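Novice: Compute the structure for the input listed below.
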Amino acid sequence: MLLRNDTPRFLQTTSQAVLIDFLQMPVPKKAMQRETRFANMITEGKDFMGRFHHIFFCAFCAFLRPTKQPFSCGRHLTGMKPSFIMKLSLQFFSPRRAFAALFFAALLPLAVHAGTPLICNPYAIGNAKSLPGGDWKGTDQSYDRTNLVRDTLALLTPDTPVIVRMETLRRAAIYATANLRGWAKGATYTSTDRELAFGLLEKLEARIAEATDQTRALALFDLGFFTETLRQTNLDPKLNGYQLLLKVAELRPNDPDVQFALALASAWPKRKEYAAHVAQASAGAKPGTLLAANLQSHVQH
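Specialist: Reported below is the predicted structural model:
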């Protein structure tokens with residue numbers, strides 16, 4: 001509801017002092033323009049003065065809302081300005097709730113990261129070559145995805161760093177699913193989406209059989225990471241790339257980049273191994289590296 005230009009008036013003049021509760025009086029209501037958001041996005045808290053869990057956040061928002069309509073954690077919370085939240089608090093909430101909203105608004109920019117961990121947040125890769133990037137989740141919506149399989153395989157060379165591979169495969173998952181078509185309300189993935197996604201998956205699997213001892217770990221990594229990323233697009237929730245990534249860690253036991261990938265793959269839903277993966281990745285992250293930069297932006301500390 002949007003309350004605008006409301007000018008309450010008395011039905012008749014009065015000489016007595018009266019108290020008017022503007023927050024409770026009935027007023028005309030105007031529907032706000034609403035935008036469809038992703039149904040399966042998550043909201044996760046970042047450590048500061050203790051840890052805000054996304055369940056706590058949902059409960060908090062449910063407490064603030066004046067109606068019984070469910071609150072969706074899929075909204076772009078990090079894009080909301082504190083001043084906007086303050087304005088809403090004064091229009092919709094009681095003084096007690098308004099105070100709570102003001103307090104939360106001050107903390108919101110630090111507290112909230114929205115999105116599935118392998119999809120919504122691009123990885124920093126510097127000037128490394130990858131699939132076309134852009135403003136929408138780091139991808140270019142005009143990219144011709146008929147070239148996706150060919151372009152992706154060409155970029156995943158033995159010399160491509162692990163984190164650059166991760167960003168290439170993240171973009172590939174978005175392109176294969178037509179910019180996450182299935183996340184829109186009431187939408188489903190098409191046969192073309194599935195053909196592209198599983199076609200690339202089959203090509204990555206075929207490369208494992210062709211790999212040498214030196215390239216096998218990276219080929220297995222590509223298959224595992226793309227599989228897990230596809231799972232988070234909700235194309236097929238039964239996919240499981242985490243187990244494949246564990247095999248990569250056995251082949252490359254001292255690779256902190258692989259541990260970083262495992263940390264993200266174990267973050268949603270959170271596995272008990274998550275903290276151990278983060279610790280191993282952090283221990284091996286050298287200052288100024290891509291790993292150090294991406295740990296800062298993607299992992300709770």
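Novice: What ranges does the stretch 51-200 of the chain have for its strands?
Specialist: Applying DSSP state E, counting those that start in this stretch to the stretch 51-200 of the chain gives strands spanning 112-114.
Novice: Do a quick rundown of the helices in the stretch 201-301 of the chain.
Specialist: Using DSSP state H, counting those that start in this stretch, the helices of the stretch 201-301 of the chain run over 216-232, 242-251, 256-265, 274-283, 290-298.
Novice: Redo these as TSV? Include mean neighbour count and distance to residue 175.
Specialist: Yep, even glycine has a C-beta here, placed from its N, CA and C like the rest. Formatted as TSV, the helices of the stretch 201-301 of the chain follow (neighbours: other C-beta atoms under 10 Å; distance: least, C-beta to C-beta, whole Å):
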stretch	mean neighbour count	distance to residue 175
helix 216-232	24	12
helix 242-251	17	21
helix 256-265	26	19
helix 274-283	17	27
helix 290-298	18	21
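Novice: between those helices, which one is nearest to residue 177?
Specialist: Among the helices of the stretch 201-301 of the chain, the nearest to residue 177 by C-beta to C-beta is helix 216-232 (7.9 Å).
Novice: for the closest one, packing partners?
Specialist: helix 162-176, helix 191-210, helix 242-251, helix 256-265 (3 or more C-beta pairs under 8 Å, 6 or more residues apart in numbering; DSSP states H and E).
Novice: and the gap between the residue lying closest to residue 225 once chain neighbours are set aside and residue 298?
Specialist: Nearest residue to residue 225 in three dimensions, chain neighbours excluded: residue 169, at 5.3 Å (C-beta to C-beta, 6 or more residues apart in numbering). Noted for residue 169: a distance of 15 Å to residue 298, by C-beta to C-beta, to the nearest Å.
Novice: that older thread, in CSV: the helices and strands packed on helix 216-232, plus distance to residue 128.
Specialist: What follows is the helices and strands packed on helix 216-232, written out as CSV (distance: least, C-beta to C-beta, whole Å):
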stretch, distance to residue 128
helix 162-176, 4
helix 191-210, 19
helix 242-251, 20
helix 256-265, 13
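Novice: Show the pLDDT at the residue nearest to residue 225.
Specialist: Note for residue 169: predicted pLDDT of 98.
Novice: check contacts around it.
Specialist: When contacts are counted by C-beta atoms under 8 Å, 6 or more residues apart in numbering, residue 169 touches 152, 156, 222, 225, 226, 229.
Novice: Which member of those residues is positioned nearest residue 283?
Specialist: Among the contacts of residue 169, and counting by C-beta to C-beta, the member closest to residue 283 is residue 225, at 21.1 Å.
Novice: Do I have it right that the closest one meets residue 239?
Specialist: No: judged on C-beta atoms under 8 Å, residue 225 makes no contact with residue 239 at a distance of 11.6 Å.
Novice: Residue 227: what's its closest spatial neighbour, skipping adjacent residues?
Specialist: Spatial nearest neighbour of residue 227, excluding adjacent residues (C-beta to C-beta, 6+ apart): residue 241 at 3.3 Å.
Novice: ditto for residue 232
Specialist: Distances taken as C-beta to C-beta, 6+ apart place residue 116 nearest to residue 232, at 4.4 Å, with adjacent residues excluded.
Novice: So the one you found versus residue 158, what's the distance?
Specialist: Distance from residue 116 to residue 158, counting by C-beta to C-beta: 29 Å.
Novice: For residue 206, see how far away residue 195 is.
Specialist: Distance of residue 195 to residue 206, given as C-beta to C-beta: 16 Å.
Novice: hmm, back to that, can you name the two of the contacts of residue 169 that sit furthest apart?
Specialist: The most widely separated members of those are 156 and 229, with 13.6 Å between them, by C-beta to C-beta.
Novice: who touches residue 249 in this structure?
Specialist: If you count contacts by C-beta under 8 Å, 6+ apart, residue 249 has them with 255, 258, 259, 262.
Novice: how about these, which pair is most distant?
Specialist: Within the contacts of residue 249, 255 and 262 form the most distant pair, 10.1 Å apart (C-beta to C-beta).
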